[in-house]
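no sequence for this one, just the structure:
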């Protein structure tokens with residue numbers, strides 16, 4: 001299990017939520033964390049996403065950037 005970050009929609013500012021995910025292959029992850037019904041994630045639970053390393057609060061983290069093709 002790995003923690004990746006998923007953008008929340010309709011927040012008025014950029015907000016990233018830490019989400020549990022399982023690595024499928026290099027750069028591809030299956031989102032397994034459950035989202036709170038009050039939040040709208042850019043990629044819903046169950047999605048397979050491609051990630052990129054980004055600097056968040058001075059540490060390098062994996063951020064979901066698009067759905068896998």
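Looks like it arrived, so ask away. The structure displayed is predicted, hence computed values, not measured ones.

Not including adjacent chain positions, what is the nearest residue to residue 22?
residue 30 (4.8 Å; CB to CB, 6 or more residues apart in numbering). For glycine as for every other residue, the C-beta is placed from the backbone atoms N, C-alpha and C.

if I pick that neighbour, what's in contact with it?
When contacts are counted by CB atoms under 8 Å, 6 or more residues apart in numbering, residue 30 touches 21, 22, 24, 46, 47, 48.

quick one: the strands in this protein?
2-9, 16-25, 28-31, 40-41, 48-56, 59-67 (DSSP state E).

The last one - contacts with which helices or strands?
Just to be clear, that refers to strand 59-67. Packed against strand 59-67, as judged by 3 or more CB pairs under 8 Å, 6 or more residues apart in numbering; DSSP states H and E, are the following elements: strand 2-9, strand 28-31, strand 48-56.

that older thread, tell me the one of the contacts of residue 30 nearest residue 63?
residue 21 (11.2 Å; CB to CB).
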